[in-house]
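1. Here is a sequence with its predicted model. Questions after.
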Amino acid sequence: MLFDKLQLDPKAKKTKTGQYKTGEDVLSALAHKSDIVQDILDFRQYQKLKSTYVDALPTLINPNTGLIHTSYNQAVAATGRLSSTNPNLQNIPIRTEKGREVRKAFIPREEENIILSADYSQIELRIMAELSQDEHMLEAFALGQDIHRATAAKVYGVDIDQVTADQRRNAKAVNFGIIYGQSAFGLSQSLGIPRKEAADIIEQYFNQYKGIKQYMSKVVETAKENGYVETILKRRRYLRDINSANMTVRGFAERNAINAPIQGSAADMIKVAMINIQKDIEDQGLKGKMIMQVHDELVFDIPEKELDAFKNIILHRMPTAIPMRVPIVVEIGIGKNWLEAH
DNA sequence: TCTCTCACG
DNA sequence: ACGTACGTGAGAGAC
């Protein structure tokens, strides 16, 4: 209907099975051409929230406990992260207003309890700073600076308090993109700017953060020599395609080589923290429980009376799980439901 | 069972 | 000329 009848895009792309692509990015770009497009996007959002969460979660309540019990898989994700199934509690909505209503439904098991959420602040960028030992990024974190603002100041050559909202947004996109081994094309797409401009930003980035550029080259090089990369705790990811003659295939492996030590070391860190926290909870005979992990966040269901005890444990164990030169910052929130705690 | 889409970090 | 950011899991619909 959108492409054959309404002809909204003469250059519409197709999937490898020959269907028109209609992902969110595609439809958003067409929304101004016909009112029906925004209706489709809205419908998709509500359909997703209803089918995946609102309808499904209540059916997964265990009649014996009255609770939803997820399963955490320790040997699925190639980077060493956990994954969560039946249900997946690591993808509960938060980004949209309607989605946040779902998150509000996650409440403590007892009337006198609260939800406590503790998350690592900018953990992957801090780990990249540690792995690369980049002088300037380490300094920004040591000074407690807003890392995206600090990056913008470096990339655009302005004072840190002269950074505009636009510059900060671009710098934030670069910081994330770098962790994934992003290209100028990828950055231009995510920011909606010309490729040349994106290339300039990336060049400036590596000029300012020379240690990161060096680290990226080194990790790809060692991957080519060894056939694998390692996290801080020596978890390996083997990369069979790292020396492939096919550029596209090799490109994927090279991005994996860059990303896996960062994402995987963050996973190492939170796993050690979880072990240490659980031991402290048991040693101190506390009634509160650690109930969920969402990659850089731990969620607890605790009696309000135990709040100080839990804060002490968490603020001790999470930042010190793996000793590092870069400061590790943990943010804690509490509330009557998971959304409030965030 | 596979593909497409979309929810999260 | 081509493809193009990492890691997951689940529902709908087609086959």
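-> Ah, there it is. Numbers count the residues shown, from 1 in each chain, chains lettered A, B, ... in the order given.
2. any idea which element A:Trp334 lies in?
-> No, residue A:334 isn't Trp; it's Ile. Under the criterion of DSSP states H and E, A:Ile334 resides in strand A:330-335.
3. ok, that strand near DNA strand B or not?
-> No. Applying CB under 7 Å from any atom of the strand, one finds strand A:330-335 out of contact with DNA strand B, separated by at least 12.3 Å. All C-beta atoms are positioned from the backbone trio N, CA, C, and that covers glycine.
4. Next: stretch A:124-136.
-> No. Legend: contact between stretch A:124-136 and DNA strand B by CB under 7 Å from any atom of the strand is lacking; minimum distance shown is 8.6 Å.
5. list the buried ones in that stretch?
-> A:124-132, A:134, A:136 (16 or more other CB atoms under 10 Å).
6. List every C-alpha atom in that stretch, with coordinates, as CSV.
-> In CSV, the C-alpha atoms belonging to stretch A:124-136 read as follows (Å, rounded to 0.1, in the frame of the first residue of the first chain):
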residue,chain,number,x,y,z
GLU,A,124,31.5,1.1,28.8
LEU,A,125,33.2,4.5,28.2
ARG,A,126,35.0,4.2,31.6
ILE,A,127,36.2,0.8,30.6
MET,A,128,37.3,2.0,27.2
ALA,A,129,39.3,4.7,29.1
GLU,A,130,40.8,2.1,31.3
LEU,A,131,41.7,-0.4,28.5
SER,A,132,43.2,2.3,26.3
GLN,A,133,44.7,4.3,29.2
ASP,A,134,43.9,7.4,27.1
GLU,A,135,45.3,10.4,28.9
HIS,A,136,42.5,12.8,28.1
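7. So for it, mean pLDDT?
-> The pLDDT scores in stretch A:124-136 average 96.
8. Any chance you could list what contacts it?
-> Residues outside stretch A:124-136 that contact it (CB atoms under 8 Å, 6 or more residues apart in numbering) are A:120, A:137-138, A:141, A:147, A:154, A:175, A:178-179, A:208-212, A:214-216, A:232, A:261-263, A:265-266, A:269, A:296, A:324-329.
9. Following element in sequence after the strand holding A:Ile334, please.
-> Following strand A:330-335 toward the C-terminus (DSSP H and E): helix A:338-341.
10. Send me that following helix as PDB with only the CA atoms.
-> Coordinates of each C-alpha in helix A:338-341 appear next as PDB, following Å, rounded to 0.1, in the frame of the first residue of the first chain:
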ATOM      1  CA  TRP A 338      10.800   0.100  39.200                       C
ATOM      2  CA  LEU A 339      10.100   3.200  37.200                       C
ATOM      3  CA  GLU A 340      10.300   5.500  40.300                       C
ATOM      4  CA  ALA A 341      13.500   3.800  41.300                       C
END
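11. Put together TSV for the buried residues of stretch A:124-136, with secondary structure and distance to DNA strand C on each row.
-> Converted to TSV, those look like this (DSSP: H, G, I helix; E, B strand; the rest coil; distance: CB to the nearest atom of the strand, whole Å):
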residue	secondary structure	distance to DNA strand C
A:Glu124	helix	9
A:Leu125	helix	12
A:Arg126	helix	16
A:Ile127	helix	13
A:Met128	helix	12
A:Ala129	helix	17
A:Glu130	helix	18
A:Leu131	helix	16
A:Ser132	helix	17
A:Asp134	coil	18
A:His136	helix	20
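12. coming back round to it: list the helices and strands the strand holding A:Ile334 packs on?
-> Here strand A:330-335 touches strand A:113-120, helix A:307-320, helix A:338-341, going by 3 or more CB pairs under 8 Å, 6 or more residues apart in numbering; DSSP states H and E.
13. right, and these - which one's nearest A:Asn243?
-> strand A:113-120 (34.1 Å; CB to CB).
14. what inclination does that closest one have with respect to helix A:307-320?
-> Here the directions of strand A:113-120 and helix A:307-320 differ by 20 degrees (axes from the mean of the first three to the mean of the last three CA atoms, to 10 degrees).
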